[in-house]
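Could you work out the structure for the sequence below:
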Amino acid sequence: MATIDIKRSHSLSLDDAKKKAEDLAKGMADRFGISWKWDGNTIRFDAPAGAAKGTKGEVSVSEKEVRVAIDLPFMLKMMKGTIESKVQEKLDALV
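Coordinates of the predicted model:
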């Protein structure tokens, strides 16, 4: 079960929503050293090193919704509220 699980409805085309999800993933990669790859309509990511080490998750894109699910390692669970609010801000800005 994901530590953080956020869903947002959108009115974008699937391609536009995927592009915005990819922009989000690129930003996370640049800022936190997260590795990511597409698997169908889902971006799967993990952090093998750095401050976010051990973090795993996915960004799933459908015709009507974007869902971000993140599993935080034990050391980052105390920052769940801060991380969750940042993800919500980014999602709101994207969709």
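
Moving C-terminal from the longest helix seen in the chain, which element do we reach first?
Looking only at the chain and at elements set by DSSP state H, the helix with the highest residue count is helix 14-32. Along the chain past helix 14-32, the next helix or strand (assigned with DSSP states H and E) turns out to be strand 35-39.

For that following strand, buried residues please.
residue 36 (16 or more other CB atoms under 10 Å). To be clear about C-beta, it is placed using only N, CA and C from the backbone, and glycine gets the same treatment.

helices and strands around the longest helix of the chain, which ones?
On a contact count with 3 or more CB pairs under 8 Å, 6 or more residues apart in numbering; DSSP states H and E, helix 14-32 meets strand 35-39, strand 42-46, strand 56-61, strand 65-71, helix 80-94.

ranking the ones you listed by burial, who's on top?
Counting by mean count of other CB atoms under 10 Å, strand 56-61 has the highest mean neighbour count of the helices and strands packed on helix 14-32, with a mean of 21.
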